[in-house]
Structure formats: structure tokens, C-alpha cells
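>>> coordinates for the following, if possible.
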Amino acid sequence: MSERYTTVTTGQVGVERERAVFEYALLRVIPRLDRGECVNAGVIVYSQERAFLASRSDLDEARLLAVDAAVDVVGVRRALEAVEMMCRGGAEAGLAGRERPGQRFRWLTAPRSTIVQPGPIHGGLTENPEAEVERLLDRLVR
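Residues are numbered from 1 along each chain as shown. Prediction:
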């Protein structure tokens, strides 16, 4: 599914770069499910082509506490850290950590009724999935 394209940058014509398909979902904190108000707190990025799966979070505690002053901030942080651990895989992520990255991504992005929820899955093309994680975090969370 790679796409080759030609760019024109600083006078260089015909520079070819390899872009890969990726998918991402926001991690939203919904402290009071009955109200439905949310704070974007992280992002999960997956690229099957690059065998890449990662999550990063940046919880704005002040914003979260403005939505619900009684929210368990420590519990929210633990839930976000658990998502990051699951993305890394391995023994620390338990049995699910042994699954392929795609299976872990689908499990992490399945709809659920918890305080930390994944948003809808979106897609795009990127040359660098790791940089895409930071770009999305800057654009949608910070």
C-alpha cells in the first residue's frame, strides 16, 4: 500500500519519498459519562506497513479538573499509561502484549464505556509514523 510521489522542494525536482498508510485514534477522557464532555489526552498511531504501533499522552490536568473537579487524575494517568504499555507489547503488557500490533490496535480502539475512550479511527499517509505521533499530539491534544 505504499504510495510513491514526487515532490518539489528547494529546487530539487523528482525526489521520491516512500509514504505509508497509517491509522490513528484520539484517546479521550470522559470523566462523567452521563454528561459526555471530553478532554483529548492522547493518540494511538498504527501502520501495518511499517509494523508500527505507538501511543503518547499529554494530560492537561487543569482542563480535566475544569470538566469534573472530582475526577480521579491518578486513575486516568494509569489508564493512559496502560494504553502506552499495550502499544509497546511484550511481557509487561500481559497476554495481549504477545499479539501482533494490528490486533492490539483494534483491541485498543474498540468502543467502550470507560473514562478513557478511543475516538473514531482516521487514516492518512506518512513518511515517518513516529513523527506522526508527535504531530498529531501537538495538533489535537496539546
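>>> in which helix or strand would I find the residue nearest the centre of the chain?
Residue closest to the average C-alpha location in the chain (CA atoms, centre = their mean): residue 44, at 1.5 Å. For residue 44, the host element (DSSP states H and E) is strand 39-47.
>>> what segments of the chain are strands?
3-9, 12-29, 39-47, 52-57, 116-118, 122-126 (DSSP state E).
>>> could I get the ones you listed as TSV with mean pLDDT and distance to residue 70?
All C-beta spots, glycine's among them, are computed from the backbone N, C-alpha and C. What follows is the strands of the chain, written out as TSV (pLDDT from 0 to 100; distance: least, CB to CB, whole Å):
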stretch	mean pLDDT	distance to residue 70
strand 3-9	41	48
strand 12-29	83	13
strand 39-47	98	14
strand 52-57	98	21
strand 116-118	97	16
strand 122-126	97	32
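>>> tell me the most buried of those?
Mean neighbours per residue, mean count of other CB atoms under 10 Å, is largest over those for strand 39-47, with a mean of 25.
>>> tell me the strands beside that strand, with direction?
Sheet neighbours of strand 39-47, with direction, are listed as strand 12-29 (antiparallel), strand 52-57 (antiparallel) (DSSP bridges).
>>> how far off centre is the strand holding residue 44?
Here strand 39-47 is found 2 Å from its chain centre; the criterion is CA atoms, centre = their mean, to the nearest Å.
>>> check the protein for its longest helix and report it.
Among the segments of the chain that qualify as a helix by DSSP state H, the longest is helix 73-88.
>>> what angle separates it from strand 39-47?
In terms of direction (axes from the mean of the first three to the mean of the last three CA atoms, to 10 degrees), helix 73-88 departs from strand 39-47 by 10 degrees.
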